[in-house]
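**Q** Below are the sequence and a predicted model; questions follow.
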Amino acid sequence: MGSKRNKPIIGIPIGREGQYLRLKYHYSEAIAKAGGLPLLIPHGEATFSFVEVIDGLLIPGGNDIDPSYFAEKPHPSVKIVPRERTEFEIGAVRAIMKAEKPVFGICYGMQLINIVFGGSLYQDIESQHKSAVDHRRGSHRIRGDNSIIKGEVIVNTSHHQAIKRLGDHLEVCAVSDDQLAEAICLPDCSFLLGVQWHPERSDDALSLNLFRRFVEAAYACQ
């Protein structure tokens, strides 16, 4: 193994919209702020050769995963992401895990991790999981009792889907007041974490710490 780079390389899958590749800047900015070097990876790299180059993988937010992945028909509210994206990112997560490198999933990214491990989703919280918590907008409280999230914190929220059946081997690291999973992890793994909110949009201590820990785990994998 060669000498370590000063900045670990973090791969971020990026989608195509017409003639352009598009990704909200918050993700790469958060990685850079935490000491990493973001590398944007267009969907469609079928060989996943980039796994040899990157030190960690960040799965960003997005619309909805096709419910056929968990044997359901689409709810009327669902806005399905292109299947090309989901197929690519499922393959990327599996490849990076095989290489024993860290994975961080945000919002859709957390839900994708759950699908990779055989879980399912509430396709629409409002109609399928009655709750007084508004998950679509604003902020709400979550709580955890572990090294990732300790006690109660307020996080932003911007989603209408959530984990229904937890994937095999995963653990819930934080929940909202209505007991929906807000963070999941894989025990005995160097770093595999999914969060339902958007820490890349915040400068609070928890958000900064999540990205710092992710980048540190990636550095250690070089």
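**A** Right, received. Where do you want to start?
**Q** tell me the centre residue of the chain?
**A** The chain has G105 as the residue nearest its centroid, 1.3 Å off, counting by C-alpha atoms, centre = their mean.
**Q** check which helix or strand covers that one.
**A** Using DSSP states H and E, G105 sits in strand 103-106.
**Q** circling back to that earlier point, so the residue nearest to the centre of the chain sits against Q196, correct?
**A** No: assessed by C-beta atoms under 8 Å, G105 is found out of contact with Q196, at 9.5 Å. C-beta here means a position set from N, CA and C on the backbone, and glycine is covered the same way.
**Q** what sits against the residue nearest to the centre of the chain?
**A** Neighbouring residues of G105 by C-beta atoms under 8 Å, 6 or more residues apart in numbering: L58, I59, V93, Q111, L112, I113, L193, G194, V195.
**Q** Kindly report the same for E87.
**A** E87 makes contact with no residue, according to C-beta under 8 Å, 6+ apart.
**Q** I'd guess it is in a helix, am I close?
**A** Yes: when classified by DSSP: H, G, I helix; E, B strand; the rest coil, E87 is found to be part of a helix.
**Q** Please enumerate the strands of the protein.
**A** Using DSSP state E, the strands of the chain run over residues 9-17, 20-22, 37-42, 56-59, 103-106, 121-122, 139-145, 150-156, 162-163, 171-176, 181-185, 192-195.
**Q** Quick one: mean pLDDT over the fourth one.
**A** In this model, strand 56-59 carries a mean pLDDT of 98.
**Q** what's in contact with it?
**A** For strand 56-59, the external contacting residues (C-beta under 8 Å, 6+ apart) are 8-13, 27, 31, 36, 38, 89, 92-93, 96, 101-106, 108-109, 112-113, 191, 214-215, 217-218, 221.
**Q** repeat for the last one
**A** Judged by C-beta under 8 Å, 6+ apart, the contacts made with strand 192-195 from elsewhere in the structure are 97, 102-107, 109-111, 113-114, 148, 173-174, 182-186, 210, 214.
**Q** Direction included, what does the strand holding G105 pair against?
**A** Partners of strand 103-106 in the sheet, by DSSP bridges, are strand 56-59 (parallel), strand 192-195 (parallel).
**Q** Flag the shaky bits of this protein, pLDDT-wise.
**A** Scanning the chain for pLDDT under 70 picks out the ranges 1-3.
**Q** any chance you could map the helices in it?
**A** With DSSP state H as the criterion, the chain has helices at 25-33, 83-98, 108-116, 125-128, 205-220.
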